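Undergrad: quick one, what's the 3D model for this:
(2 chains)
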Amino acid sequence: EDQVTQSPEALRLQEGESSSLNCSYTVSGLRGLFWYRQDPGKGPEFLFTLYSAGEEKEKERLKATLTKKESFLHITAPKPEDSATYLCAVQVSSSGSARQLTFGSGTQLTVLP
Amino acid sequence: NAGVTQTPKFQVLKTGQSMTLQCAQDMNHNSMYWYRQDPGMGLRLIYYSASEGTTDKGEVPNGYNVSRLNKREFSLRLESAAPSQTSVYFCASSVYGDRGTSGTYEQYFGPGTRLTVT
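TA: Residues are numbered from 1 along each chain as shown, chains lettered A, B, ... in the order given. This next block holds a predicted model:
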């Protein structure tokens, strides 16, 4: 069974204090790993797709990396507006589920001014 | 370009009542999805439609039906609502990211419908 585990469940940072969120996965045949940001009362907002181990993508203060077993979302010098829940999801290549995403439970990030 | 829109935003139902959640996208995407989100459970797929005219069950389809009305619209129906269906419902649509044999489907989400069943 495909599993996605995110840690920590919640993270509080001071403004400017860099840190990383973790997404570990157990799947057969990873097709892609996705990061989303979700603000309270809103739908998830797409951030990145990573396809293979060693790949990295950046957007403003966020940088996502991928290994064979996990992905990290690094947040450099965060600001209060980065406060949100960050969701990780995987897509696997097994027949019949090519379009399905399996989501982790998310990391709730709070950045204090 | 509104992206993915959902109606209504909020709904309260009594046990046994029925209702339809509406979803539309203007991005010319082929695939559409319905998820529910519950505290501590993450997003779980209810049904999806790979293309117009097709629908398939996801992880938690019991108690729901769907209709892919046309390429733009995908509705979710609760025939007899139960308190266990209290949740936030999200619709999503996807574009095919052309990676050859390793193609992926990046999904874009609507704002959600918060449903309470009493």
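
Undergrad: which bits of chain A sit near chain B?
TA: When proximity is defined by C-beta under 8 Å from any C-beta of the partner chain, chain A lies next to chain B at A:4, A:31-32, A:34, A:36, A:41-46, A:49, A:51, A:87, A:89, A:91, A:93, A:98-101, A:103-106. Where you see a C-beta, it was placed from the backbone N, CA and C, and this is true even at glycine.

Undergrad: 10 Å - rerun?
TA: Selection of chain A residues close to chain B by C-beta under 10 Å from any C-beta of the partner chain yields A:4, A:6, A:9, A:29-34, A:36, A:38, A:41-46, A:48-52, A:87-89, A:91, A:93, A:96-106.

Undergrad: name whatever forms a beta bridge with the residue lying closest to A:T5 once chain neighbours are set aside.
TA: Leaving aside its sequence neighbours, A:T5 sits nearest to A:S24 (C-beta to C-beta, 6 or more residues apart in numbering or on different chains; 5.0 Å). Here A:S24 sits in beta bridges with A:T5, A:E70, as judged by DSSP bridges.

Undergrad: show me what contacts A:S24?
TA: Residues near A:S24 by C-beta atoms under 10 Å, 6 or more residues apart in numbering or on different chains: A:3-7, A:67, A:69-72, A:88, A:104.

Undergrad: swap in B:S51?
TA: B:29-32, B:68, B:71.

Undergrad: A:E70 touches A:L30, doesn't it?
TA: No: in this structure, A:E70 is not within contact of A:L30 by C-beta atoms under 10 Å, at 11.2 Å.

Undergrad: shared neighbours of the two, anything?
TA: A:A53.

Undergrad: so between the two, which is more surrounded?
TA: A:L30 (21 against 16; other C-beta atoms under 10 Å in any protein chain shown).

Undergrad: what sits against residue 109?
TA: Using chain A. Taking C-beta under 10 Å, 6+ apart, we find A:L109 in contact with A:8, A:10-13, A:19, A:21, A:37, A:73, A:75, A:78, A:82-86.

Undergrad: that was the other one, I meant chain B.
TA: Contact analysis of B:F109 by C-beta under 10 Å, 6+ apart lists A:36, A:38, A:42-46, B:3-4, B:6, B:33, B:35, B:43, B:90-93.

Undergrad: about what we covered before: now the buried members of the residues of chain A next to chain B.
TA: A:4, A:6, A:30-34, A:36, A:38, A:43-44, A:46, A:48-51, A:87-89, A:91, A:93, A:97, A:99-106 (16 or more other C-beta atoms under 10 Å in any protein chain shown).

Undergrad: now, the residues you listed that are in strands?
TA: Using DSSP state E, A:4, A:6, A:30-34, A:36, A:38, A:46, A:48-50, A:87-89, A:91, A:101-103 are the members of these that sit in strands.
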